[in-house]
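**Q** Could you work out the structure for the sequence below:
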Amino acid sequence: MDLRRWTRLARPIVGAVVLLVAAASCARDAAPTAPTPPSTDLSSSLQGLHGGLLGSLLTCRPLPAAVDSALIGPAGGTLVLGPHRLVVPPGALREPVEIRGVAPSDTVNSVEFSPEGLRFARPAALTMSYANCGLVTWLLPRIAYTTDGLQLLYYIPSLADLFRHDVTGQVWHFSRYAIAW
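**A** Coordinates of the predicted model:
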């Protein structure tokens, strides 16, 4: 069948469908409807995705708050905050520094380190768990650098381990970091 003949046959059919849809949407006996509540199967994984155009922070079941500190120097060291850990490699610091970390109990998995302004000569590895987040399998988690108010600023280079349910990223300085997708 050539294109002109198909077009002549299709025009009346498309026109009839458009008229039927328009008439159905204007039916007078249709009562107004309320918005459909979200289904519960995906809402636990997707509800509360915080963020905007850059992406979103993941909503999680709150973990207990964790606070710890360690004196870490030129030889490197590790700071553990609940299921999250910061590994400072050898040579990242020139002198010993008292590093303090806080992982607040919140619906966003986040960590905050001090002293503020500390920079590493080599990146530290921040590993954050998302096992409590009910993450949908098609979302790949990342670590995001955020403001103190948890506004997403940018993603840090991260690699997710889908079997361990954690993600590791490179940290060059201290601030607040959170799990995002």
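
**Q** ranges for the strands of this structure?
**A** Here the chain has its strands, by DSSP state E, at 50-52, 55-57, 66-72, 77-81, 84-88, 97-103, 110-114, 119-129, 142-146, 152-155, 158-161, 166-173, 176-180.

**Q** can I get the ones you listed in CSV with mean neighbour count and mean pLDDT?
**A** In this view, the C-beta of every residue, glycine as well, is placed from N, C-alpha and C. Output for the strands of the chain, formatted as CSV (neighbours: other CB atoms under 10 Å; pLDDT from 0 to 100):
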stretch, mean neighbour count, mean pLDDT
strand 50-52, 14, 42
strand 55-57, 19, 77
strand 66-72, 14, 97
strand 77-81, 18, 97
strand 84-88, 21, 97
strand 97-103, 18, 96
strand 110-114, 21, 94
strand 119-129, 18, 95
strand 142-146, 23, 91
strand 152-155, 14, 89
strand 158-161, 17, 92
strand 166-173, 19, 93
strand 176-180, 24, 90
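
**Q** domain parsing for the protein?
**A** As assigned by automatic domain parsing, the chain contains the domains 3-39, 41-180.

**Q** ok, A121 - contacts?
**A** By CB atoms under 8 Å, 6 or more residues apart in numbering, A121 lies in contact with G91, A92, L93, R94.

**Q** So which of those residues wins on neighbours?
**A** Tallying neighbours with other CB atoms under 10 Å puts A92 at the head of these, with 24 neighbours.

**Q** need the contact list for that residue.
**A** With the criterion set at CB under 8 Å, 6+ apart, A92 makes contact with G76, F120, A121, R122, P123, A124.

**Q** Let's see the pLDDT reported for A27.
**A** In the prediction, the pLDDT value recorded for A27 is 42.

**Q** List phi and psi for P115.
**A** Here is the backbone geometry of P115 (degrees, to the nearest 10): phi -80, psi 140.

**Q** please renumber so the chain begins at 508
**A** OK, 508 is where the count begins now, so the last one is P622.
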